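Trainee: here is a sequence together with a model predicted from it:
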Amino acid sequence: MECKDKDDAHHFFNFYAFLAVFQVPITHVSRTTHKKQNNEIFRVEMKCKCHGKPPKKKTIGEEEEEIQVKTNCQVVMVVKENKGIWKIGKLDLDHNHELWPQSRNQLFSGHKYMTDMEKAMIRTLNDNNIPTGKMISILSYLRGGLTALQQQQQQQQHSLSILSKLG
């Protein structure tokens, strides 16, 4: 798969992660070292939120509060730029932990560019056991492609600013 920029690739993987019910932080960015290239980003690595090794067992005196669970999950997507085109270099989608569909509402906070109708449609498709890949196809068709996400967000922000100025 090819993308026009790193943000486009991140939107794609973030959207897939939302449908599959997990979160995707950017874990590593590689930059150029040549002076003529101005320290530009040429490689981005995104992983499941559960990547990394679990913390050591706590002693009896410490509080037993777990904020984040690390399971050393190997889900990763690496995108690289080559001559202005961003391509997926590595993609592994096998989780070593359960995915919790009931926590989907917590994931909506990172997906503010989605309309209420799209969120409702995702819930309906998920309740009817539609595979994640088909959900992406359906929603990207309705939007006019995955690249329309960023434009839609900018248009919504612009509309809100105009409405707030009018009163």
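Mentor: Received the coordinates, thanks.
Trainee: contacts, neighbours, all on C-alpha from now
Mentor: Noted.
Trainee: tell me where this protein has helices.
Mentor: 6-20, 104-107, 116-127, 132-143, 148-166 (DSSP state H).
Trainee: what separation do you get for the closest residue to Glu118 other than its chain neighbours and Gly133?
Mentor: In space, and not counting its chain neighbours, Glu118 is closest to Leu139: 7.5 Å by C-alpha to C-alpha, 6 or more residues apart in numbering. To Gly133, Leu139 is 10 Å away according to C-alpha to C-alpha, to the nearest Å.
Trainee: those two: which is more packed in?
Mentor: Leu139 (15 against 11; other C-alpha atoms under 10 Å).
Trainee: go ahead and confirm that one touches Ala120.
Mentor: No: counting by C-alpha atoms under 8 Å, Leu139 stays clear of Ala120, with 11.5 Å between them.
Trainee: okay, now the unreliable bits of this protein?
Mentor: Scanning the chain for pLDDT under 70 picks out 55, 57-68, 100-114, 145-167.
Trainee: Ala20: neighbour count?
Mentor: 18.
Trainee: check contacts around it.
Mentor: Leu99, Thr132 (C-alpha atoms under 8 Å, 6 or more residues apart in numbering).
Trainee: how about a cut-off of 7 Å?
Mentor: Applying C-alpha atoms under 7 Å, 6 or more residues apart in numbering to Ala20 gives the contacts Thr132.
Trainee: same thing with the one 10 residues further on?
Mentor: Applying C-alpha under 7 Å, 6+ apart, we find Ser30 in contact with Ile41, Phe42, Arg43, Val44.
Trainee: what do you get for Tyr16?
Mentor: Here Tyr16 is in contact with Ile136 (C-alpha under 7 Å, 6+ apart).
Trainee: make it 8 Å
Mentor: Thr132, Gly133, Ile136.
Trainee: and which of the contacts of Ser30 is nearest to Ala9?
Mentor: Val44 (9.3 Å; C-alpha to C-alpha).
Trainee: understood, closing this out.
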